[in-house]
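Novice: just a sequence and a predicted model for now, questions to come.
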Amino acid sequence: MTATRRNAAGLVVLALAVLVPPALGEYRTYVLCLMAIYAIGSIGLTVLVGHGGMISLGHAGLVCVGAYGASLLMIRADVSFWLALPLATAIGMLVGLALGYPFLKLDGPYLAIATFGFAVALPEVINRWSAFGVGDPALFGGALGLNPPSPAIGSLIINTSLRFWYVCLAVLVVAVLLARRILSSRWGQDLRAYRQSPPAASAYGVRTRRVRVWSFAVAGGYAGLCGALLAHHLGAVGTSSFSLTLSITFLMMVVIGGVESVAGAVVGAVAVVALQEWLTGQTSNLQLWYGVALLLAVMFLRGGVVGMVQARLRRLRHRDEAEHA
Amino acid sequence: MMQYVASGLVSGGIYATMAIGIVLIYRASGVINFAHGELATFGTFVVFACWSAGLPLPLALLIGLLVGAVASPCIEAFVLSGLRRRTHLTEVMATVALFLALNGLTLAVFGEETHEFPALVTGPPIEAFGLVMSRQSILVLVVVAGLTLIMAAMFRFTRLGAAMRAVSESRESAELAGLPVRRIVWSVWAVAGMAGVLAGVLIAPIVYLNVNMMIDVLTKALAGAVVGGLTSVSGAITAGLLLGVGESLVAGYVSTQLATPFVFLVLVLALVVRPQGLFGSAPKVKL
Amino acid sequence: MLEVSGLAHSFGGVRALQEVSFRAQPGEVTGVIGPNGAGKSTLLSCLSGWVKPDLGAATFNGDQLLGQAPTDLAARGVIRTFQNLELLEESSVAENIALGTRRTASAGLLAAIVRGSAVRAQERRQRDTVTGAAERLGITTLLDVPAGELSYGQRKQVEMARAWAAMPQLLLLDEPAAGLDDRERRALAHVIRQMADDGATVLLIEHDIDMVMSLCSHLVVLDFGSVISSGSPADVRRDPRVVQAYLGGAA
Ligand SMILES: Nc1ncnc2c1ncn2[C@@H]1O[C@H](COP(=O)(O)OP(=O)(O)OP(=O)(O)O)[C@@H](O)[C@H]1O
Ligand SMILES: [Mg+2]
């Protein structure tokens, strides 16, 4: 797809996203919000996994950090929602750095286990916070979780899904544009070089350790932002929302959409949330179908949905060119 | 104190039994099998179903082990070999997907109820050296000791063991040497699958049989395998046992709440300070 | 000028390099030849920071080369190629070549986000260098193709284009002609010649004796890790020890 055509397609989708939701009703808009929020989180994973080739089973942990961070800021420090968003992003980045740095030497399966450990450990620590005897034992709200207040613009309180949808959409648009910019930059090239050949990357001057650590920070930033939005979306923030399954769900979005493209992260989030909604009506055994869907995607969807579409378009164009010639 | 150590050795023994499977599979295929625990749960449910249907427990156990021995190599033969591009990422994703799918399958077939699981040995607890231990606990220790000996003997004295070593050192040269690499790899997965089901049957009487019973055990077994070096069976057994003891001591002297976080602390520290584990060797960088 | 003196390195019991000393001048192609396993690649790895030698010294234009990380050496213009190519298989040829421009570019995350005028200028320069390198190697039509889909000869050309884009001061080539046909070899020799003419100090490891003889003004012959002969191609060719080493290796 040429750049102009892609921009045109993007604008059409954006126009639909602005114009259609008022006609959808509360519940469907609520689901749309979730799609946008998850899309933001999975963009971060696209950077880390798709471009950096680092496996993370701990993305939900970073989202959890963002959700708790934003909620605590709003509840304890009276920070407004609008300020909490960038602050949660920053907290996510910091925690991402704090993860990326000690895990520098870990690769492949080792990194998968390390991030897996993080994803399982974080909720455990939050749940058992009082046992540590550090700080306020009720810091994380105990079993009840935290209830962040609703955001407002002046006197307009964001308390309907439709209003929140426009907030999510705006943040998503910024997130997408920013990710495209980051990935097409020299930094993004360095990251891809590191993934495909660490020796070649170092031999030509890429600071591989630095790129690696910062890709964790980027993933953490997106996860933090996602978490802050999710905190409001869920209303109550508890650890059960950030289980290992959520980490796997993020990976699933990235793989189904296409690990290497920002559009893929969005498509994947939409597809997985839609699947989730559809399955919830059919069965209580979500994990079975999740597992099967993920397995099929890994085995047969090379390049994800977006990758397949791109390949199809490329083939069509080649045929066009052949006919014109 | 000794009582804590003893009970830690029991849970550690079960982690070790699971960790053996993880290490064997990693050595054979270079894959962390995140589905290993769910496979064990499934096999344990099969044992329970057979037993509930009136079969004697040993026969039920045999059937369960057989299920483990058949199902486990299928993961390698049908799923991993079926990947178009076999990278660390796709491999991890595939076993993670299987983790979910198998968990769901067990739920679909056997339901979400928690069952009391029959102990393999029954009778009053035994007192010795000032310790009180249930017969099941002693059985766990005996099984772990037996497995350790069997593994050591297998690697050292059998042709399969030698072939396994050759394959895990270099698949290419094993192929060149004319070894039936695929069959060897499958056998390793089969042995691992059986060890997994055995671990499930051993722990089920203690924690009760439930779909999610192995998730926690797998996590700790992974920690054990990593601390032991991922490539060393004896390392995994030692680390699994130590982890169990450490966990039990923390639970006893500090707080039961902190036992699980303690395991993660050990896992992360081990990965950060010594990624090759206590007994593994550092990977060589090739140009 | 590259000066190597008394370089020695062992892998466990294998003495890969012993007492290796030689000089290489800018603007010239210095050939390093020797039978398989003579230690040629190890020499290159020592000079480019991948292997830390046990003993010896190596300086380039007076700067110490040993004990530095490959990344830092690359930033200073010491560029090596790999015997097994190390291309970015899934990236386009353009992105592969662009990796060559990395050493002269800044690549911070903040710069990527802000994308100020300096960064945009850098991106333009990078694009120009990439097209220039592709033209030089005659692979402009391949710029959008993923490197993994190319033929072996084309892949080697991409690798040379990448090295060219780096504008190296010290270029270390590990068997660049292996697996190429005659036409590709001539084109390759031409590019190497040009890079030397542009002022680079080129160290060429190569088994193709004709190519070495025609390109190099100076040869270093390694056998079992030691320099057994060095000098002009004509001298080396007549040296009985060289003949012996190659015949001995062949027998
Ligand atoms: N990383 C390593 N570990 C152990 N031994 C090594 C290593 N790298 C090289 N060697 C040994 O050092 C010696 C020199 O190897 P080197 O690769 O430098 O030879 P070469 O001259 O480049 O050979 P070729 O023409 O085959 O590329 C060989 O005996 C080789 O087996
Ligand atoms: Mg070599």
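Specialist: Thanks, I have the structure now. Ligands and ions are numbered 1, 2, ... in the order given.
Novice: from here on, just use CA atoms for contacts and neighbour counts.
Specialist: Noted.
Novice: OK, contacts around B:Val211?
Specialist: B:Thr41, B:Phe42, B:Asn103, B:Thr106, B:Leu107, B:Gly111, B:Glu112, B:Thr114 (C-alpha atoms under 8 Å, 6 or more residues apart in numbering or on different chains).
Novice: are any of those residues buried, and if so which?
Specialist: Using 16 or more other C-alpha atoms under 10 Å in any protein chain shown as the burial test, the contacts of B:Val211 include B:Thr41, B:Phe42, B:Asn103, B:Thr106, B:Leu107 as buried.
Novice: nearest residue to the last one other than its sequence neighbours?
Specialist: Going back to what we said before, that points to B:Leu107. B:Val211 (6.2 Å; C-alpha to C-alpha, 6 or more residues apart in numbering or on different chains).
Novice: pretty sure the one you found sits in a helix.
Specialist: No: using DSSP: H, G, I helix; E, B strand; the rest coil, the assignment for B:Val211 is coil, not a helix.
Novice: got the phi/psi numbers for it?
Specialist: Recorded main-chain torsions at B:Val211 are phi -50, psi -40, according to degrees, to the nearest 10.
Novice: kindly report the same for the one 5 residues further on.
Specialist: Per-residue torsions, B:Asp216: phi -60, psi -40 (degrees, to the nearest 10).
Novice: all helices for the stretch 101-250 of chain B, in order.
Specialist: B:135-157, B:159-169, B:171-176, B:181-207, B:213-228, B:233-253 (DSSP state H, counting those that start in this stretch).
Novice: give me every residue that touches the residue of the stretch 101-250 of chain C found nearest chain B.
Specialist: Nearest to chain B in the stretch 101-250 of chain C, going by C-alpha to the nearest C-alpha, is C:Asp174, at a distance of 11.7 Å. Contacts of C:Asp174 were listed using C-alpha under 8 Å, 6+ apart, and they are C:Ser41, C:Leu44, C:Arg80, C:Thr81, C:Phe82, C:Gln83, C:Leu204, C:Ile205, C:Glu206.
Novice: among these, which lie within helices?
Specialist: C:Ser41, C:Leu44 (DSSP state H).
Novice: which members of the contacts of C:Asp174 are the farthest-apart pair?
Specialist: C:Arg80 and C:Glu206 (13.8 Å; C-alpha to C-alpha).
Novice: of those two, which one has the most company?
Specialist: C:Arg80 (26 against 20; other C-alpha atoms under 10 Å in any protein chain shown).
Novice: poorly predicted segments of the chain, please.
Specialist: The chain I'm using is chain A. A:1-2, A:143, A:322, A:325 (pLDDT under 70).
Novice: could you do chain C instead?
Specialist: Using pLDDT under 70, chain C drops low at C:247-251.
Novice: so which bits of it are right by chain B?
Specialist: C:Phe82 (C-alpha under 8 Å from any C-alpha of the partner chain).
Novice: let me know the closest of the contacts of B:Val211 to C:Leu66.
Specialist: B:Asn103 (54.4 Å).
Novice: show me the contacts for the closest residue to that closest one other than its chain neighbours.
Specialist: Closest residue to B:Asn103 apart from its sequence neighbours, by C-alpha to C-alpha, 6+ apart: B:Glu38 at 5.7 Å. By C-alpha under 8 Å, 6+ apart, B:Glu38 lies in contact with B:Phe99, B:Leu102, B:Asn103, B:Met214, B:Ile215.
Novice: could you redo the last one with a cut-off of 10 Å?
Specialist: B:44, B:98-106, B:196-197, B:200, B:211-215, B:218 (C-alpha atoms under 10 Å, 6 or more residues apart in numbering or on different chains).
Novice: count of neighbours near the closest residue to chain C within chain A?
Specialist: Proximity to chain C, evaluated over chain A using C-alpha to the nearest C-alpha, is greatest for A:Gly205 at 4.3 Å. Per other C-alpha under 10 Å, the neighbour tally for A:Gly205 reads 28.
Novice: what distance do you get for it to chain B?
Specialist: As for A:Gly205, its distance to chain B is 17 Å (criterion: C-alpha to the nearest C-alpha, to the nearest Å).
Novice: help me confirm that C:Ala177 comes into contact with C:Arg186.
Specialist: Yes: using C-alpha atoms under 10 Å, C:Ala177 is in contact with C:Arg186, at 9.4 Å.
Novice: sec struct for A:Met74, please.
Specialist: helix.
Novice: neighbours of it, just the number please.
Specialist: 21.
Novice: over to A:Val13?
Specialist: When neighbours are counted by other C-alpha under 10 Å, A:Val13 comes out with 12.
Novice: enumerate every residue touching it.
Specialist: The neighbours of A:Val13, taking C-alpha under 10 Å, 6+ apart as the test, are A:Asn7, A:Leu19.
Novice: after the strand or helix carrying it, which helix or strand is next?
Specialist: Applying DSSP states H and E as the criterion places A:Val13 in helix A:3-19. The helix or strand immediately downstream of helix A:3-19 is helix A:26-45, counting by DSSP H and E.
Novice: what about the strands in the stretch 101-250 of chain C?
Specialist: Listed in chain order, the strands of the stretch 101-250 of chain C (DSSP state E, counting those that start in this stretch) span C:170-174, C:201-205, C:218-223, C:226-231.
Novice: okay if I get those as CSV plus distance to ligand 1?
Specialist: Output for the strands of the stretch 101-250 of chain C, formatted as CSV (distance: least, C-alpha to the nearest ligand atom, whole Å):
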stretch, distance to ligand 1
strand C:170-174, 8
strand C:201-205, 8
strand C:218-223, 8
strand C:226-231, 11
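Novice: let's have the ones you listed in JSON lines, adding distance to B:Ser248.
Specialist: Putting those into JSON lines (distance: least, C-alpha to C-alpha, whole Å) gives the following:
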{"stretch": "strand C:170-174", "distance to B:Ser248": "57"}
{"stretch": "strand C:201-205", "distance to B:Ser248": "61"}
{"stretch": "strand C:218-223", "distance to B:Ser248": "61"}
{"stretch": "strand C:226-231", "distance to B:Ser248": "60"}
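Novice: now the helices: where do they sit in chain A?
Specialist: A:3-19, A:26-45, A:59-76, A:81-100, A:108-127, A:129-132, A:161-184, A:186-196, A:198-203, A:208-234, A:244-257, A:262-282, A:286-300, A:304-324.
Novice: now for residue 14, how many residues are close by?
Specialist: All of this is about chain A. 14.
Novice: could you do chain C instead?
Specialist: 10.
Novice: ok, now which ones touch it?
Specialist: C:Val14 sits in contact with C:Phe224, C:Gly225, where contact means C-alpha under 10 Å, 6+ apart.
Novice: report the contact partners of the closest residue to ligand 1 within chain A.
Specialist: With C-alpha to the nearest ligand atom, the shortest gap between chain A and ligand 1 falls at A:Pro199, namely 14.0 Å. Residues near A:Pro199 by C-alpha under 10 Å, 6+ apart: A:Ala193, A:Val206, A:Thr208, B:Lys286, B:Leu287, C:Trp50, C:Pro70, C:Thr71, C:Phe82, C:Glu86, C:Leu87.
Novice: looking at these, which is nearest A:Gly281?
Specialist: A:Ala193 (43.9 Å).
Novice: now the angle from the longest helix along chain C to helix A:186-196?
Specialist: Determined from DSSP H, the single longest helix within chain C is helix C:117-137. In terms of direction (axes from the mean of the first three to the mean of the last three C-alpha atoms, to 10 degrees), helix C:117-137 departs from helix A:186-196 by 50 degrees.
Novice: of the contacts of A:Pro199, keep whichever come out buried.
Specialist: Members of the contacts of A:Pro199 classed as buried by 16+ other C-alpha under 10 Å are A:Ala193, A:Val206, A:Thr208, C:Trp50, C:Pro70, C:Thr71, C:Phe82, C:Glu86, C:Leu87.
Novice: in three-state terms, label the fourth one for me.
Specialist: The local conformation at C:Trp50, judged by three-state DSSP, is coil.
Novice: re earlier: off-centre distance for the helix holding A:Val13?
Specialist: 21 Å (C-alpha atoms, centre = their mean, to the nearest Å).
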